[in-house]
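>>> Give me coordinates for this.
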Amino acid sequence: MDLPRTPALGLVAALATVTIWAAFMLVTRFAVQGSFTVEELLILRLAPGALVMAPIMWRLGVIPRGQTWPRAAMLMVGASAVFPFVVSMGLAFAPASDGGALAPGMLPFWTALAAYAMAGEIPGPRRRLGLAMILTGAMVVSLWQILAGTVDGAWKGHLMFLTGSGCWAIYSVVFRQSGLSPLHGLVIGLFWGSLLITPLLLASGNVSFATASLLDIAVMIVLQSFVIGILAMFLFGYAVQILGAAETAAFGALTPILALLGGVVFLDETVTPLKVAGVALVAAGVFLASGVLSKTRPASAS
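Residues are numbered from 1 along each chain as shown. Here you go, the predicted model:
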């Protein structure tokens with residue numbers, strides 16, 4: 001049945017989405033520092049979700065038709081496996097507060113570059129200012145820590161955050177051009193991610209769940225697969241349908257802030273005034289780069 005579509009529900013969906021995105025950073029950072037390997041987390045993200053969504057896969061199909069092989073490959077594993085794996089690897093080296101600024105925070109910047117390279121899209125002046133603010137804020141968060149050496153090995157995590165963000169940006173442009181619905185894109189990613197990537201993860205030798213209890217595993221299945229992997233994608237698509245893409249993207253500005261606050265409160269991460277300033281710049285840049293302030297009222301046909 002059709003869900004009701006009111007502005008209030010769209011607002012709730014958008015806020016819930018960015019909260020889940022921030023929670024991904026916090027939960028994954030906590031897990032890889034504790035009982036799980038990155039490979040174990042990705043299996044728990046892919047396999048249960050694929051089983052639950054199997055009836056929808058059967059109904060919608062899992063072949064990204066009408067795509068070149070590189071584009072099809074990105075639709076098949078880009079969002080479901082490559083992005084979460086690379087970002088999760090980064091969280092094994094660097095704090096969640098850094099991840100919030102450099103992974104979801106940098107998405108508008110990389111997406112603008114990908115859209116320009118792949119579709120010739122040129123952002124307007126306001127969006128360009130936002131992109132510059134994002135880049136400046138990311139440099140404040142990352143380069144200062146690298147030069148100061150405040151967290152050993154954090155630079156590895158930062159590179160992985162930026163790489164994962166770039167992969168998601170390319171995926172988002174390919175997905176937008178594919179004409180697929182959010183739900184169809186989700187099940188394609190879950191199917192092929194589970195089919196192609198799970199055997200590679202098992203072959204890595206890093207999947208034993210030796211240090212995780214059954215309760216830990218159950219909790220991670222719920223959080224990684226059902227909440228982060230499925231619910232967030234559904235809520236994002238629902239919010240876009242009601243509020244619009246630009247307005248929903250503007251809420252992404254909250255993700256770096258929530259990840260910063262969550263890192264301090266739940267993970268006892270150290271946050272300097274300089275990092276706060278960098279995260280604030282990224283958040284403000286995300287809001288401007290979303291294009292929400294540039295939207296104009298539809299003009300009459302001329």
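>>> For the closest residue to residue 107 other than its chain neighbours, which three-state class applies?
Excluding the flanking residues, the one nearest residue 107 by CB to CB, 6 or more residues apart in numbering is residue 165, at 5.4 Å. C-beta: built from backbone N, CA, C; applies to glycine. Three-state assignment for residue 165 (DSSP: H, G, I helix; E, B strand; the rest coil): helix.
>>> pLDDT score assigned to residue 165?
Note for residue 165: predicted pLDDT of 92.
>>> Give me the number of neighbouring residues for it.
25 (other CB atoms under 10 Å).
>>> do the one 4 residues further on as well
Look at residue 169: counted by other CB under 10 Å, it has 23 neighbours.
>>> And the nearest residue to residue 291 once chain neighbours are set aside, how far from residue 239?
Once flanking residues are discounted, residue 291 sits nearest to residue 246: 4.4 Å by CB to CB, 6+ apart. From residue 246 across to residue 239, the span is 12 Å (CB to CB, to the nearest Å).
>>> which regions of the stretch 201-302 of the chain sit below the pLDDT cut-off?
For the stretch 201-302 of the chain, the stretches flagged by pLDDT under 70 are 294-302.
>>> hey, where'd the helices end up in it?
214-220, 232-243, 245-250, 254-267, 273-289 (DSSP state H, counting those that start in this stretch).
>>> Remind me what the last one packs against, helices and strands.
With contacts defined as 3 or more CB pairs under 8 Å, 6 or more residues apart in numbering; DSSP states H and E, the secondary structure elements packing on helix 273-289 are helix 96-102, helix 107-119, helix 125-148, helix 245-250, helix 254-267.
>>> Apply 7 Å and report the result again.
Helices and strands touching helix 273-289, by 3 or more CB pairs under 7 Å, 6 or more residues apart in numbering; DSSP states H and E, are helix 96-102, helix 107-119, helix 125-148, helix 254-267.
>>> Surely residue 142 and residue 158 touch.
Yes: under the criterion of CB atoms under 7 Å, residue 142 makes contact with residue 158 at 4.5 Å.
>>> and for the two, which residues touch both?
Residues touching both residue 142 and residue 158 (CB atoms under 7 Å, 6 or more residues apart in numbering) are residue 102.
>>> In contact with residue 239, which residues?
Taking CB under 7 Å, 6+ apart, we find residue 239 in contact with 10, 13, 14, 17, 248.
>>> gap between the last one and residue 280?
Note on residue 248: its distance to residue 280, by CB to CB, is 21 Å.
>>> between the two, which one's more packed in?
Higher neighbour count among residue 248 and residue 280: residue 248, with 25 against 18, using other CB under 10 Å.
>>> Quickly note the distance from the closest residue to the more buried one other than its chain neighbours to residue 165.
The spatially closest residue to residue 248, leaving aside those adjacent along the chain, is residue 239, at 4.5 Å (CB to CB, 6+ apart). Residue 239 sits 21 Å away from residue 165, going by CB to CB.
>>> likewise residue 218?
Distance of residue 218 to residue 165, computed by CB to CB: 30 Å.
>>> circling back: among the helices of the stretch 201-302 of the chain, which is nearest residue 97?
Closest of the helices of the stretch 201-302 of the chain to residue 97 is helix 254-267, at 3.8 Å (criterion: CB to CB).
>>> Check which helices and strands that closest one sits against.
Helix 254-267 is packed against helix 7-32, helix 96-102, helix 273-289, with contacts defined by 3+ CB pairs under 7 Å, 6+ apart.
>>> Next up, the contacts around the residue positioned nearest the centre of the chain.
With distances taken as CA atoms, centre = their mean, the residue of the chain nearest its centroid is residue 104 (5.5 Å). Contact analysis of residue 104 by CB under 7 Å, 6+ apart lists 21, 252, 255, 256.
>>> With residue 290 instead?
Here residue 290 is in contact with 108, 246, 249, 250, 252 (criterion: CB under 7 Å, 6+ apart).
>>> which of the residues you listed tops the neighbour count?
Going by other CB under 10 Å, residue 108 tops the contacts of residue 290 with 27 neighbours.
>>> out of the helices and strands packed on helix 254-267, which comes closest to residue 222?
Using CB to CB, the helices and strands packed on helix 254-267 put helix 7-32 closest to residue 222, at 10.4 Å.
>>> List the buried residues of that closest one.
For helix 7-32, a neighbour-count test (16 or more other CB atoms under 10 Å) marks 10-11, 13-14, 16-29, 31-32 as buried.
>>> what angle separates it from helix 232-243?
Helix 7-32 runs at 160 degrees relative to helix 232-243, counting by axes from the mean of the first three to the mean of the last three CA atoms, to 10 degrees.
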